[in-house]
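Q: Sequence first, then the predicted structure:
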Amino acid sequence: MTDKPAKTAGVLPSQALNRMIQEEQIFTSGAPPIDREEQVQPASMDLRLGSRAYRLQSSFLPQSGTVESKMKDLVMYELNLENGAILERGAVYLIPLMEKLALPEDVRGKTNPKSSTGRLDVFTRVITDYSTRFEEIAQGYHGRLYLEVVPRSFTIKVKAGQRLNQLRLFTGAFPSSGEGNRERKIGINDAELSGFYKDEELLIDHQGRFIAKPSSRLTDDGLLMGVDLASPDDKAPIGYKAKKNSHVIDLEQVGHYCAEEFWEPIFSHRATRLILEPEEFYIFASKELIRVPLSCAAEMVEFDAGSGELRTHYAGFFDPGFGYGKQGEVKGTKAVLEVRPHDVPFIIEDGQILFKMKYERMSHNPDIWYGAEIGSNYHNQVLRLAKQFKQIGS
């Protein structure tokens with residue numbers, strides 16, 4: 001075994017995740033072994049669905065007890081996922097994951113839905129024993145991981161072993177809004193971001209040019225980005241709106257479904273604004289192209305609740321190398337936005353700021369990077385639906 005590098009505050013890279021698997025700090029018992037080649041990403045690890053799903057009356061947090069003790073009174077029925085099972089739109093399910101954790105005392109975790117999960121409007125979040133927050137895994141946690149799954153727009157078919165979410169691990173600090181100044185050990189703050197932005201040319205325009213004067217884009221430890229409602233081609237959609245009462249989507253299928261049966265394409269007609277309807281689900285692309293160097297990971301976060309009653313992301317994590325490559329050879333990639341307005345119709349305009357990209361330091365550069373080399377599905381994306389669909393017009 002190679003010598004361990006000195007611990008540095010930051011997101012743990014692929015080689016550290018592989019080492020933790022070897023040392024059984026991430027492990028399985030009574031389930032297929034972890035496939036490191038398939039599951040380990042540059043700064044994250046895919047987690048697999050276990051063999052059982054439980055239909056619940058409601059969502060919950062265990063707080064003062066274990067997940068299993070708290071869920072007993074909420075289970076309506078059980079599903080066997082070995083050969084696949086249907087999860088109904090609007091219902092709440094809890095699925096124990098195959099992977100378990102025995103984290104060192106100085107390591108914490110956070111989880112996110114995978115990109116395809118978010119683009120299908122499948123709401124997922126991890127809970128752990130004694131947890132008081134979704135998606136956050138306590139420092140030194142030992143135990144099982146459970147995934148809450150709520151299909152919002154479509155009824156889906158899932159199967160044991162499928163990967164709907166991903167795990168990130170951190171040492172030194174935890175990037176949570178409640179951590180105060182400790183967050184700065186990992187997050188890149190205002191004072192540092194300006195220089196980092198220029199050095200790495202983080203934002204690129206649609207013509208491939210570095211946006212050298214970002215104006216008010218650098219704020220509150222993050223990089224503000226807008227929505228693209230313009231199209232050089234009137235035949236190309238600028239977004240998609242999910243249709244209701246569609247057929248079941250089998251998550252195992254790739255490039256299989258006719259997009260028009262599930263999505264209503266939105267065209268610009270040379271308009272620069274669009275009215276979004278309450279509780280409808282939309283897919284858009286960012287106005288700018290984003291770059292994530294190997295020294296960092298990035299997370300899409302809501303930047304201001306007062307800027308509109310809408311949720312602007314479901315799967316918002318970006319591995320090192322996204323839009324960047326290994327040595328900066330990729331000149332940016334668009335981010336895809338999953339948007340759901342709440343309460344009232346909401347109007348958006350071309351270029352309107354809808355989200356913030358927050359950069360987090362890696363503890364060490366990963367030995368792999370996001371892109372075609374590791375089979376990444378969205379490394380060269382523009383506006384794109386989940387991988388299960390044929391693209392509009394194809």
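A: All right, it came through fine.

Q: Quick check, pLDDT for the closest residue to residue 298 other than its chain neighbours.
A: With sequence-adjacent residues excluded and distances taken as CB to CB, 6 or more residues apart in numbering, residue 298 is closest to residue 318, at 4.2 Å. The way it works is simple: take the backbone N, C-alpha and C, and place the C-beta from them, glycine included. Looking at residue 318, its pLDDT stands at 93.

Q: One more: residue 377?
A: Taking residue 377 on its own, its pLDDT is 61.

Q: Same question for residue 1.
A: The model's pLDDT for residue 1 equals 39.

Q: List the contacts of the residue nearest to residue 298.
A: 290, 292, 297-300, 335, 357, 370 (CB atoms under 8 Å, 6 or more residues apart in numbering).

Q: what about 10 Å?
A: The contact partners of residue 318, taken as CB atoms under 10 Å, 6 or more residues apart in numbering, are 42-44, 112, 115, 290-292, 296-300, 324, 333, 335, 357, 359, 370, 378.

Q: likewise residue 223?
A: Residue 223 touches 188, 193, 196-197, 202-203, 214, 217, 288, 290, 298, 303, 355-359, counting by CB under 10 Å, 6+ apart.

Q: Just the helices from the stretch 51-200 of the chain, written as ranges.
A: Counting by DSSP state H, counting those that start in this stretch, the stretch 51-200 of the chain has helices at residues 67-71, 115-119, 190-200.

Q: What's the local residue count around residue 20?
A: Residue 20 has 21 neighbouring residues, counting by other CB atoms under 10 Å.

Q: Shouldn't it be within a helix?
A: Yes. Assessed with DSSP: H, G, I helix; E, B strand; the rest coil, residue 20 lies in a helix.

Q: Now it: closest residue in space that isn't a chain neighbour?
A: Excluding the flanking residues, the one nearest residue 20 by CB to CB, 6+ apart is residue 26, at 5.0 Å.

Q: which residues of the stretch 101-250 of the chain score low on pLDDT?
A: 173-185 (pLDDT under 70).

Q: sorry, back to before: which of the contacts of residue 318 are buried, as a ChimeraX select command?
A: Buried residues among these (16 or more other CB atoms under 10 Å), as a ChimeraX selection:
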select :42,43,44,112,115,290,291,292,296,297,298,299,300,324,333,335,357,359,370,378
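
Q: Filter the contacts of residue 318 down to the ones in helices?
A: residue 115 (DSSP state H).
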